[in-house]
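Colleague: Provided below are the primary sequence and the corresponding predicted coordinates.
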Amino acid sequence: MSVTPEAVKTALMALKDPASGQDIVSAGLVRALNIEGGEVRFVIEVPGASAPAYEPVRAQAEAAVAALQGVTKALVILTAHSQPSAPPDLKPKAKAAPQGPAKIPGVDHIIAIASGKGGVGKSTVAANLACALAAQGRRVGLLDADVYGPSQPKMLGMSGKPGSPDGKTIIPMKNHGVTMMSMGLMVGEDQAVVWRGPMLMGALQQMLGQVAWGELDVLIVDLPPGTGDVQMTLSQKAEVDGAIVVSTPQDVALLDARKGIDMFRKLKTPILGMVENMSTHVCSNCGHEEHLFGHGGVAAEAAKLGVPLLAEVPLHLDIRVAADGGTPIVVSAPDSAQAAAFHSIAKQLVAKGVA
Ligand SMILES: Nc1ncnc2c1ncn2[C@@H]1O[C@H](COP(=O)(O)OP(=O)(O)OP(=O)(O)O)[C@@H](O)[C@H]1O
């Protein structure tokens with residue numbers, strides 16, 4: 001028999017919230033409880049500053065749920081939210097300075113990689129672009145903010161959990177000359193996490209502010225597909241130099257890409273350009289070229305929208321095999337025709353002074 005939410009909550013009621021003295025369920029700390037078969041996942045949401053003090057509670061909660069009959073796996077994530085604001089003070093006072101986008105210490109430039117639609121190759125472009133910039137001697141970071149489908153650990157051949165020696169700073173991982181941090185590394189690649197708006201925004205802010213990025217010329221941010229909370233939080237909280245929108249040449253993908261560009265314009269984030277991915281199919285046996293999804297659609301769209309077309313990336317088996325194998329094509333075959341498009345994007349960004 002599979003475990004019920006009630007059984008999980010009852011087990012958790014035996015654990016005390018050190019701050020309020022109540023049990024952690026009554027104190028409202030248990031959020032986003034998700035049960036799939038024998039797998040139980042939830043979040044313990046605590047005030048920002050007190051997160052390290054709650055690590056023992058998180059571990060106890062995980063152990064208590066794992067011990068329940070019918071539970072094959074328990075995963076508990078600790079997330080910090082900012083302190084609830086105090087009731088408004090109605091006395092007249094000096095106007096507070098607006099909290100606009102801020103610079104991340106040590107990071108010179110931020111470039112967002114976006115797509116209107118999922119599966120168009122945004123993460124592949126982000127991974128290859130990061131490696132191409134590193135090959136040009138740039139100090140590069142890659143923030144995998146695609147919390148719904150984090151793929152950068154796999155694409156860049158990284159596994160294991162990032163360390164946090166002081167419980168405050170997260171130490172990112174490094175491979176192929178790229179410093180990388182991903183939600184995938186925090187929760188395990190195969191864990192689908194149920195994240196809601198405020199948690200997503202909190203997680204992104206933690207990744208921007210608490211990861212020890214070091215000195216970077218450029219931080220590439222691999223965004224989730226579409227136009228949601230993560231995109232808005234990034235543009236509102238960090239000084240983003242610009243966004244690159246990836247699309248396939250198909251009408252439907254282009255329609256979504258247009259919405260993405262529209263959103264960035266509203267957020268006053270410059271559009272650095274568009275990338276047509278899966279532009280032309282090159283047969284890996286005979287080299288024959290064909291246009292599976294059409295060709296040139298993104299160039300026409302970019303011209304219509306008045307943004308540069310940065311590259312047309314071919315659809316080629318080697319690009320997929322390299323990305324899925326943990327060594328992007330830019331690293332595994334740097335001089336190949338397939339890698340050329342990514343090197344060209346990197347050069348254009350350096351020339352523009354944004355990377
Ligand atoms: N130019 C290409 N040639 C061959 N395969 C590609 C190419 N671009 C992407 N792929 C493959 O297509 C799949 C989807 O790509 P990717 O994960 O980069 O897309 P995405 O837009 O980031 O998707 P998601 O919506 O999941 O974030 C991957 O298996 C990738 O290896």
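Modeller: The structure has been received and is ready for your questions.
Colleague: and the stretch 51-200 of the chain, which residues reach the ligand?
Modeller: Residues of the stretch 51-200 of the chain lying near the ligand by Cβ under 6 Å from any ligand atom: 115, 118-124, 146, 149, 151. Backbone N, C-alpha and C define where each C-beta goes, glycine included.
Colleague: By neighbours, which of the residues you listed wins?
Modeller: Ser115 (28 neighbours; other Cβ atoms under 10 Å).
Colleague: Quick check: phi and psi at that one.
Modeller: The phi/psi pair for Ser115 (degrees, to the nearest 10) reads phi -150, psi 150.
Colleague: Just list the residues touching the residue nearest the centre of the chain, thanks.
Modeller: Ranked by distance to the mean C-alpha position of the chain (Cα atoms, centre = their mean), the top residue is Ala145 at 0.9 Å. By Cβ atoms under 8 Å, 6 or more residues apart in numbering, the contact list for Ala145 reads 183, 204, 207, 221-224, 230, 234.
Colleague: Convert the C-alpha atoms of stretch 303-313 to CSV, please.
Modeller: The C-alpha trace of stretch 303-313 is given here as CSV (Å, rounded to 0.1, in the frame of the first residue of the first chain):
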residue,chain,number,x,y,z
ALA,A,303,15.1,40.8,-39.4
LYS,A,304,11.4,41.5,-38.8
LEU,A,305,12.0,42.1,-35.1
GLY,A,306,15.2,44.1,-35.7
VAL,A,307,17.5,41.8,-33.7
PRO,A,308,20.7,40.2,-35.0
LEU,A,309,20.8,36.6,-36.1
LEU,A,310,23.9,35.3,-34.2
ALA,A,311,24.1,31.8,-35.8
GLU,A,312,22.4,28.9,-37.6
VAL,A,313,23.4,25.7,-35.8
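Colleague: Buried ones in that stretch, by neighbour count?
Modeller: Buried residues in stretch 303-313, defined by neighbour count with 16 or more other Cβ atoms under 10 Å: 307, 309-313.
Colleague: Of the residues you listed, just say which sits nearest to the ligand.
Modeller: Val313 (4.8 Å; Cβ to the nearest ligand atom).
Colleague: which helices and strands does the one helix or strand Thr179 maps to pack with?
Modeller: Thr179 belongs to strand 178-182 when assigned by DSSP states H and E. Under the contact criterion of 3 or more Cβ pairs under 8 Å, 6 or more residues apart in numbering; DSSP states H and E, strand 178-182 touches helix 122-135, strand 140-144, helix 152-155, strand 173-175.
Colleague: Present those as a markdown table; the columns should include mean pLDDT.
Modeller: Listed next are these as a markdown table, based on pLDDT from 0 to 100:
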| stretch | mean pLDDT |
| --- | --- |
| helix 122-135 | 97 |
| strand 140-144 | 97 |
| helix 152-155 | 93 |
| strand 173-175 | 93 |
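Colleague: Relative to Glu62, which of those is closest?
Modeller: Of all the helices and strands packed on strand 178-182, helix 152-155 sits nearest to Glu62, with 21.6 Å by Cβ to Cβ.
Colleague: how far does that closest one sit from the chain's center?
Modeller: 11 Å (Cα atoms, centre = their mean, to the nearest Å).
Colleague: For that helix, list the C-alpha coordinates in PDB.
Modeller: Presented in PDB, the C-alpha positions along helix 152-155 are these (Å, rounded to 0.1, in the frame of the first residue of the first chain):
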ATOM      1  CA  GLN A 152      23.700  21.100 -17.600                       C
ATOM      2  CA  PRO A 153      25.300  18.600 -15.100                       C
ATOM      3  CA  LYS A 154      24.800  15.900 -17.800                       C
ATOM      4  CA  MET A 155      25.900  18.100 -20.700                       C
END
